[in-house]
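**Student:** Take a look and give me a structure for this.
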Amino acid sequence: DVRSYKNFVKNDMIEMRQLLKLENNNKRRTRLRTLLRSWGTEHLITLIRTNLKSALSNAFHHWDNLTKHEKHTELLHRYSKYQACHKLRFAGLLSLRLRIARAYSAWIDATNYSRHVEHVALLKTCATKMQSQWRAHGAYNRVERMKHDRRVRAAILLQSRTRTRHCRNRYEEYLTEKRRRHAALSM
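**Tutor:** This next block holds a predicted model:
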């Protein structure tokens with residue numbers, strides 16, 4: 001309210017006069033009056049501006065609240081229309097949805113079963129491959145052992161034959177030497 005601001009400014013001016021304790025000097029008094037009037041009008045203008053800004057701000061908030069309320073009301077109206085249409089649609093499409101759900105469930109079950117079968121087949125293939133590799137490794141080791149044993153037996157046989165031949169040769173030399181001695185003695 002502008003009147004209350006006017007009284008507020010008037011009280012400020014009275015306080016300033018009391019603070020200054022004016023004398024009867026006319027020039028000084030008139031200069032002070034003009035100063036106080038200009039200061040008072042400036043003060044009053046700033047108060048009016050703040051009041052105007054406050055009023056504009058209140059008006060804006062009121063307008064904002066009204067638009068929000070109108071939007072909310074419109075959304076509620078649309079939602080109620082949607083609910084009515086939705087109930088009608090739901091009643092008509094319930095059986096279709098149930099059939100689709102059953103078909104989807106059957107499809108999911110079939111897909112899961114086929115995945116399970118593929119997984120089991122893959123596990124069997126992996127197990128067979130691992131068994132095959134293990135058996136191949138065992139066979140390789142057996143063959144290597146057989147080769148080693150064959151080499152050892154061959155070496156033993158070669159050594160035995162060499163020793164036999166050596167012994168025979170020495171025996172033959174012994175017999176030949178014995179015959180020579182016997183022949184030399186008998187002669």
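
**Student:** pLDDT of stretch 140-147, averaged?
**Tutor:** Mean pLDDT, stretch 140-147: 95.

**Student:** any low-confidence regions in the chain?
**Tutor:** Within the chain, the stretches with pLDDT under 70 are 1-10, 12-41, 43-45, 47-49, 51-52, 55-56, 84-93, 187.

**Student:** Swap in 90 and give it another go.
**Tutor:** 1-105, 108, 181-187 (pLDDT under 90).

**Student:** Which parts of it are helices?
**Tutor:** 2-20, 26-186 (DSSP state H).

**Student:** Kindly compare burial across the ones you listed and name the winner.
**Tutor:** When the helices of the chain are scored by mean count of other CB atoms under 10 Å, the highest mean neighbour count falls to helix 2-20 (a mean of 12). C-beta here means a position set from N, CA and C on the backbone, and glycine is covered the same way.

**Student:** Quick check: Met146 vs Glu70, distance?
**Tutor:** Taking CB to CB, to the nearest Å as the measure, Met146 falls 98 Å from Glu70.

**Student:** Lys178 too?
**Tutor:** Using CB to CB, one obtains 143 Å as the distance from Lys178 to Glu70.

**Student:** same check, this time on Ala59
**Tutor:** For Ala59, the distance to Glu70 equals 16 Å [CB to CB].
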